[in-house]
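Peer 1: let's see this in three dimensions:
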Amino acid sequence: MSDATPAADPAHADIGIVCALKLEISPLLDRCDRVRKYTGGEFVFRGGLTGEDYDIRVVIVESGTGQERAHRATQALIDAHTPSWVLSVGFSGALSPGLKLGDIVMANSIVDTAGEELKVDVKMAAEPARGWHVGRIVTADEIVRTVSEKEQLARQTDALAVDLESLAVARLCAKSKMRFLAVRAISDDLTEDLPPEVISVFGGTGSLRAGAIAGALWKRPGSAKDMWRLRERAVTASERLASFLTGIIPTLHDTVR
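Peer 2: Just a heads-up that it's a prediction; the model follows:
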């Protein structure tokens, strides 16, 4: 019988991340070493090394928007990389006036608009003074664009924030007995509505639709300013998200050593 240590699985990821858009995760990738990109089936994957000694392997799959695509992308991630943790990561809309642009929300439960709920075991405590919150997230079927719609959804669900993917990722992780967290950065708060064009310019894959952008500018030239502000807010949210993830990923990695 050999006493040799089994070779490490080169495909294994310490942390697997599901995000809808590359924009949500780009600043985190900028902080990683030896980043590689490949296409697996219908999804784009990126992997790299992070941590103080760059010894933690992170693999990110871009799902596109919505629960159906998030489910398929999560399954592809699990099948290809058997991650020790799966994180649903990206932007969310604030449902509470106490949440500001760039604040971080970690879900301790995730619900849908029909009332289904999955609990999430979160060990980290909220630190509101630092913009870190722990509470319920609701996963909606479409972008919740206006302040009034968000206020109504908050009353209905008692959630802090809304996204489009986390419940699908959480469901699959629960079924597969995978460690799971949902970590979301606020990209739009309760101070104003999102521009109406935001729904049409994102395709089903979560990518920007050039034709829809051109059409929006033709119909309402003022939308250019609104879309630019939306982009600036997204960049702010993604930077805050990267800073937070860079801090917690080593902690998550330590739990499975």
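
Peer 1: for residue 247, phi and psi?
Peer 2: Dihedral pair for residue 247: phi -80, psi -40, per degrees, to the nearest 10.

Peer 1: neighbours of it, how many?
Peer 2: 10 (other Cβ atoms under 10 Å). Yep, even glycine has a C-beta here, placed from its N, CA and C like the rest.

Peer 1: just residue 121 next, same as before
Peer 2: That count, for residue 121 with other Cβ under 10 Å as the rule, works out to 8.

Peer 1: in which helix or strand does it reside?
Peer 2: Assigned by DSSP states H and E, residue 121 falls within no helix or strand.

Peer 1: let me see the confidence value for it.
Peer 2: What the model reports for residue 121 is a pLDDT of 93.

Peer 1: tell me how far it lies from residue 43.
Peer 2: Computed as Cβ to Cβ, to the nearest Å, the residue 121 to residue 43 distance reads 27 Å.

Peer 1: same deal with residue 250?
Peer 2: 26 Å.

Peer 1: likewise for residue 26?
Peer 2: For residue 26 relative to residue 43 (Cβ to Cβ), the value is 17 Å.

Peer 1: compare those two (neighbour count), which wins?
Peer 2: Each of residue 26 and residue 43 has its neighbours counted (other Cβ under 10 Å); residue 43 has more, 20 against 15.

Peer 1: what sits against the more buried one?
Peer 2: Counting by Cβ atoms under 8 Å, 6 or more residues apart in numbering, residue 43 makes contact with 61-63, 72-73, 76.

Peer 1: those in helices, which ones?
Peer 2: Counted as lying in helices by DSSP state H, out of the contacts of residue 43, are 72-73, 76.

Peer 1: of all the contacts of residue 43, which two lie farthest apart?
Peer 2: Between any two of those, the greatest separation by Cβ to Cβ is 11.8 Å, found for 62 and 72.

Peer 1: quick one: which of those two has more around it?
Peer 2: Set side by side, residue 62 and residue 72 show more neighbours around residue 62, with 23 against 18, by other Cβ under 10 Å.

Peer 1: where does pLDDT dip in the protein?
Peer 2: Along the chain, the model assigns pLDDT under 70 to residues 1-10, 196-228.
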